[in-house]
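*Asks:* How does the following fold in three dimensions:
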Amino acid sequence: MTKTIKVTRVYTDAEGESNFQEVEYPLMDAGPIGFLSDRFQVKEMIFRTVRADYNDAHQAPERQFVVLLDLGVEIETSLGEKRQFQPGEILLMEDTTGKGHRSQNLEYKTRNSLFIILK
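*Replies:* Model (predicted):
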């Protein structure tokens with residue numbers, strides 16, 4: 001049985017619209033330490049906190065993984081599709097051009113995330 005980890009990708013299509021895509025990264029058996037993916041080349045890592053009233057339309061500033069640490073978020077593509085993501089889920093934000101996306105907290109609380117900027 002092959003193990004994978006699921007990531008939701010947000011990307012820009014040829015018309016400049018943002019879209020969702022499910023991506024599964026294969027995990028290889030590394031023995032007693034568990035299952036590991038291939039390595040990713042990263043540039044830097046950033047912790048981020050947003051206010052409870054965060055609701056913003058924007059493009060991703062750089063290609064990055066976003067790990068939701070403690071609160072969920074709703075993301076809306078430029079085409080109007082909305083999805084909700086919970087703490088522990090991983091997003092791959094690649095809509096660095098085009099119309100971008102809107103994101104807002106699922107609860108009226110401060111939200112913490114981990115941004116892993118890719119090379």
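*Asks:* For the rest of this, base every contact and every neighbour count on C-alpha atoms.
*Replies:* Noted.
*Asks:* And the strands in this protein, which stretches?
*Replies:* 3-12, 18-29, 35-36, 42-50, 55-58, 64-68, 73-77, 82-85, 90-94, 101-105, 111-118 (DSSP state E).
*Asks:* pLDDT below threshold where in this protein?
*Replies:* Within the chain, the stretches with pLDDT under 70 are 1.
*Asks:* Just want the most central residue of it.
*Replies:* Residue closest to the average C-alpha location in the chain (Cα atoms, centre = their mean): Leu91, at 1.7 Å.
*Asks:* For it, give me its contacts.
*Replies:* Going by Cα atoms under 8 Å, 6 or more residues apart in numbering, Leu91 touches Val7, Thr8, Arg9, Val10, Phe65, Val66, Val67.
*Asks:* Quick check: bridge partners of the first one?
*Replies:* Counting by DSSP bridges, Val7 forms beta bridges with Val23.
*Asks:* how far away is it from Tyr54?
*Replies:* Relative to Tyr54, Val7 is positioned 23 Å away (Cα to Cα, to the nearest Å).
*Asks:* do the third one as well
*Replies:* In this structure, Arg9 and Tyr54 are 21 Å apart, going by Cα to Cα.
*Asks:* Those two: which is more packed in?
*Replies:* Arg9 (20 against 17; other Cα atoms under 10 Å).
*Asks:* May I have the residues that are in contact with the residue nearest to that one when sequence neighbours are not counted?
*Replies:* In space, Arg9 comes closest to Leu92 once its chain neighbours are excluded; the distance is 4.5 Å by Cα to Cα, 6 or more residues apart in numbering. Each residue near Leu92 by Cα under 8 Å, 6+ apart is listed here: Val7, Thr8, Arg9, Val10, Arg63, Gln64, Phe65, Val66.
*Asks:* Sweet, I'm off.
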